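1. sequence first, predicted coordinates after that:
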Amino acid sequence: MFLDVPRIRIMFIRHKKNKSGVISIQIIDKSRSNYKVLKTIGSSNDAAELQVLLKTAQQKLINLSGQFKLNFDIDKEKELISNGKKPESPRSTSLQN
C-alpha cells in the first residue's frame with residue numbers, strides 16, 4: 001500500500017569550481033536523493049561578475065520555485081504612521097476591486 005505523498009522539492013544555488021578554476025553558478029533541484037542541474041546561470045573568475053550571476057540565480061530560483069517576494073515600503077509606512085494615517089492593506093484594496 002503506497003500513500004500518495006507529495007514530492008518535496010528542494011532547490012538551491014550551487015557554486016562549483018571547475019577543473020579550469022572557473023566558478024560556475026548553477027540552480028540545483030534535489031528530490032528523492034537525486035541532484036539535478038535545472039539551470040546553469042554562467043561561470044566566471046571575476047568576483048564582480050560572479051555577484052551579478054548570483055543575483056540572477058537568486059531571481060531565477062524565486063521564479064522557478066513559484067514563490068513571490070513581498071515588497072514592503074517600510075519608509076512609506078513609517079511616514080504614514082507618523083502623519084496619523086493608517087497604511088492601506090494590499091489585501092483590502094484588492095478585495096474592493
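-> The structure has been received and is ready for your questions. Numbering: from 1, shown residues only.

2. list the buried residues of the longest helix seen in the chain.
-> Scanning the chain for the helix with the most residues, using DSSP state H, yields helix 47-65. Residues of helix 47-65 classed as buried under the neighbour-count rule (16 or more other C-beta atoms under 10 Å) are Leu50, Leu53, Ala57, Lys60, Leu61. All C-beta atoms are positioned from the backbone trio N, CA, C, and that covers glycine.

3. now it, how far from the centre of its chain.
-> From the chain centre to the centre of helix 47-65 is a distance of 8 Å (C-alpha atoms, centre = their mean, to the nearest Å).

4. please apply the same query to stretch 34-44.
-> The answer for stretch 34-44 is 15 Å, by C-alpha atoms, centre = their mean.

5. hmm, who's touching it?
-> Counting by C-beta atoms under 8 Å, 6 or more residues apart in numbering, stretch 34-44 makes contact with 11, 18, 22-30, 49-50, 53, 56-57, 60, 64, all of which sit outside it.

6. in this protein, which strand is the longest?
-> strand 34-44 (DSSP state E).

7. buried residues in that one, which are they?
-> Residues Lys39, Ile41, Gly42, Ser43 are the ones in strand 34-44 that count as buried (16+ other C-beta under 10 Å).

8. possible to save those as TSV with pLDDT and distance to Gly84?
-> Shown next, in TSV, are the buried residues of strand 34-44 (pLDDT from 0 to 100; distance: C-beta to C-beta, whole Å):
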residue	pLDDT	distance to Gly84
Lys39	92	48
Ile41	95	47
Gly42	95	50
Ser43	95	54
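
9. closest to Ser82 out of the residues you listed?
-> Set against Ser82, the nearest of those by C-beta to C-beta is Ile41 (42.0 Å).

10. which residues touch the nearest residue to Ile28 once chain neighbours are set aside?
-> Nearest in space to Ile28, with sequence neighbours left out and distances taken as C-beta to C-beta, 6 or more residues apart in numbering, is Arg14 at 4.9 Å. The contact partners of Arg14, by C-beta under 8 Å, 6+ apart, come to Ile25, Gln26, Ile27, Ile28.

11. quick one: which of these is nearest Leu80?
-> For the contacts of Arg14, the closest approach to Leu80 (C-beta to C-beta) belongs to Ile27, at 38.2 Å.
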